[in-house]
Structures are given as C-alpha cells and as structure tokens.
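>>> return atomic coordinates for the entry below.
(one chain, ligands or ions: 2)
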Amino acid sequence: MGSIIQHKLPIVDFTKENLNLELHDEVFHAMEELFNLPMSTKVQNKSNKPLFGYVGQIPIVPLYKSIGIDDANTMEGMQKFEKVMWPNGNDGFSEVILLFSKLIAELEQWVVRMVFESYGVEKYYESHLNSISYLCRVMKYRNPKKESNMGFVTHTDKNFMTILHQNQVDGLEIKAKDGQWFGVELCPSSFVVMAGDAIMAWSNGRIHSPHHRATMNGNKARYSLGQFLFMKGTVKTPEELVDDKHPLQYKPFDHLEFLDFYSQPENRRLGSAIRTYCGI
Ligand SMILES: O=C(O)CCC(=O)C(=O)O
Ligand SMILES: [Fe+2]
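Ligands and ions are numbered 1, 2, ... in the order given. Below you'll find the predicted structure:
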C-alpha cells in the first residue's frame, strides 16, 4: 500500500533579522520544488480595461463576494477607488489598504528578486520591476446554509504572483504536484505566496502554478485579502532558462492579451488556458 504524504506549505521567515543569503535557497526551493510558500493607475492596456475587470470575472459562487482595487499600493489608486465608493471619503479604509498593499508589494518584490537571482537572470529584474502592476482584492466568504461549501472554485491564478492573507478562518486548499489536495493553515502573521500562470510560463515550466480553491467548513465568515501582480507588456522566458534539457515551453505573450483571452466564456473552462494560449 502506498504511503500518503501529508502536504504542508513550507514556511519562510521574512523577518528583518532573517533576510540573508540562505533565504534565497529557501524561497527558491519552495517556489520550484514545491509550489508556493506561506510564508494599479490603470494599466495602459489596449482595451483600457482596469485589471479588476479581468480577474473580477469569477464564476458565481453564492458564498463569495469581492471587490478589486487597481493600484492599491499607490495613493492615487486608493484615492480613485475611494472617490467611486465613498464620495464623502473613507480615509480609514484607504489608509489600511494602502499600507497593506505597499507592504505586500515589497514582500512580492523580495520574492521575485530572489527567484531571478537564483536563476542567475537578475539582469532582467529591473525591467521586470518597471512593468509590474498590482490589483488588490478584498474578499468575503459567508458560511453555507444547506448548500455547497465551495467558496471559490478550483482554478489557477492567471497573473504572475499572488500574495494572500486572511482572518483567523482557514479555507484555502491547494493541489500539490502529486495531485493531493491539502488545506492551508495560516497563523496571523503569515501570507501565502502563490505562483501564477505567468511565472510558470516565464520560468519555462520550472515553477508550477497550482490549482487551488476555497471551501467553507466552519460557521464563521472568512475574509481574505489578495494582492495580484501582473505584467504590463510581454512576458518572455529568459534565454538562460532554455537549453537542450529544457526546451522552450511557452511563446512570449502579452499578459493583458492573455487575460483578455481568458475572459472569453469559451476559454474559461480550459484545462490550462496558458498552455492553450501560448504553449509550444
Ligand atoms: O481567498 C482565498 O484564500 C483564495 C482566493 C483566490 O484564490 C483568488 O482570489 O484567486
Ligand atoms: Fe486564486
């Protein structure tokens, strides 16, 4: 009888005292070997559609409600959102989200930089940084009343990288590379770093973008906050990550055009939208 591996997310400690070279190895191991670790000014896209317009198109699940804020890491982004939602202002909300979003952007940048350095492609980091854009999503899951406990259907993230935070109610489940599902248990100071389809393509398939979902199992509402990192422009696998052993798996693609592709109803149920869109 085969043994069942009980999966757990690796935890990487990002407190200041721990920011050293060894952390690179831990981050790299977690991103490549495992899947992820716990640890938006409108984008100038051709259709001029805000990012939340893309990732806000989530299959209707009765337990779930969310709102997306483009560029929540900037004062302008937050002010714009505040004006639409609360014409008389809501400084408290904007201050908290701005603070969260800025901090998370910093954490996301650390992780991405470590990944670039571990692959020896840090020369591309600066241009990567210049084409980043963020969407912050505030989510609420109510507890089910005699209905399915599915909070968020199984999916992979279509962006480059996601960072998630939650209240004290767990519910996120991730499918490991071996196909087993496992629940994520988060302590209050932890965040989940989730690889998206765009980093999977960028890394030539080395970093896996895992399927995940959210289920509601208790009787308390779950609140989560997600920050989604997108690229303005083309995502291209560095030539250093392509060789005889690792032939190119994905053609360069425009990230926002990929999101447009995915937003078409006929493409939403594809096994792997990124493979269909630009896989070789
Ligand atoms: O609420 C969560 O923990 C997960 C949400 C999620 O997967 C998403 O927004 O893409
Ligand atoms: Fe997700």
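
>>> show residues contacting stretch 129-137.
40, 43, 51-52, 55, 66-73, 97, 100-101, 104-105, 109, 159-160, 225-233 (CB atoms under 8 Å, 6 or more residues apart in numbering). In this view, the C-beta of every residue, glycine as well, is placed from N, C-alpha and C.

>>> so which of the residues you listed reach ligand 1?
Among the contacts of stretch 129-137, the residues that sit close to ligand 1 (CB under 6 Å from any ligand atom) are residue 226.

>>> pull out the buried residues from the contacts of stretch 129-137.
Applying 16 or more other CB atoms under 10 Å to those, the neighbour count classes 40, 43, 51-52, 55, 66, 68-73, 97, 100-101, 104-105, 109, 159-160, 225-233 as buried.

>>> write out the residues of the stretch 51-200 of the chain neighbouring ligand 1.
Counting by CB under 6 Å from any ligand atom, the residues of the stretch 51-200 of the chain that sit close to ligand 1 are 137, 139, 152, 157, 164, 166, 172.

>>> low-confidence stretches in this protein?
By pLDDT under 70, the weakly predicted segments of the chain are 1-5, 16-18, 20-21, 34-59.

>>> who are the contact partners of whichever residue of the stretch 151-280 of the chain sits closest to ligand 1?
Proximity of the stretch 151-280 of the chain to ligand 1 (CB to the nearest ligand atom) peaks at residue 224, 3.5 Å away. Each residue near residue 224 by CB under 8 Å, 6+ apart is listed here: 139, 141, 164, 165, 166, 167, 172, 214.

>>> show the backbone phi and psi for the nearest residue to it once chain neighbours are set aside.
By the measure of CB to CB, 6 or more residues apart in numbering, the closest residue to residue 224 outside its immediate chain neighbours is residue 166, 4.2 Å from it. With angles defined as degrees, to the nearest 10, residue 166 sits at phi -150, psi 170.

>>> how close does residue 166 sit to residue 146?
Remark: distance between residue 166 and residue 146 (CB to CB, to the nearest Å) = 25 Å.

>>> mind checking which of those two has more residues around it?
For residue 166 versus residue 146, the count of surrounding residues by other CB atoms under 10 Å is larger for residue 166: 22 against 4.

>>> quick revisit: helix, strand, or coil at the residue of the stretch 151-280 of the chain closest to ligand 1?
The assignment at residue 224 comes out as strand when based on DSSP: H, G, I helix; E, B strand; the rest coil.

>>> what does residue 159 give?
The assignment at residue 159 comes out as coil when based on three-state DSSP.

>>> could the residues of the stretch 51-200 of the chain next to ligand 1 go into TSV alongside secondary structure?
Rendered in TSV, the data for those read as follows (three-state DSSP):
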residue	secondary structure
137	strand
139	strand
152	strand
157	coil
164	strand
166	strand
172	strand
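
>>> the protein: helices as residue ranges?
Per DSSP state H, the chain carries helices over the ranges 21-29, 51-55, 75-85, 91-118, 125-130, 197-202, 255-262, 273-278.
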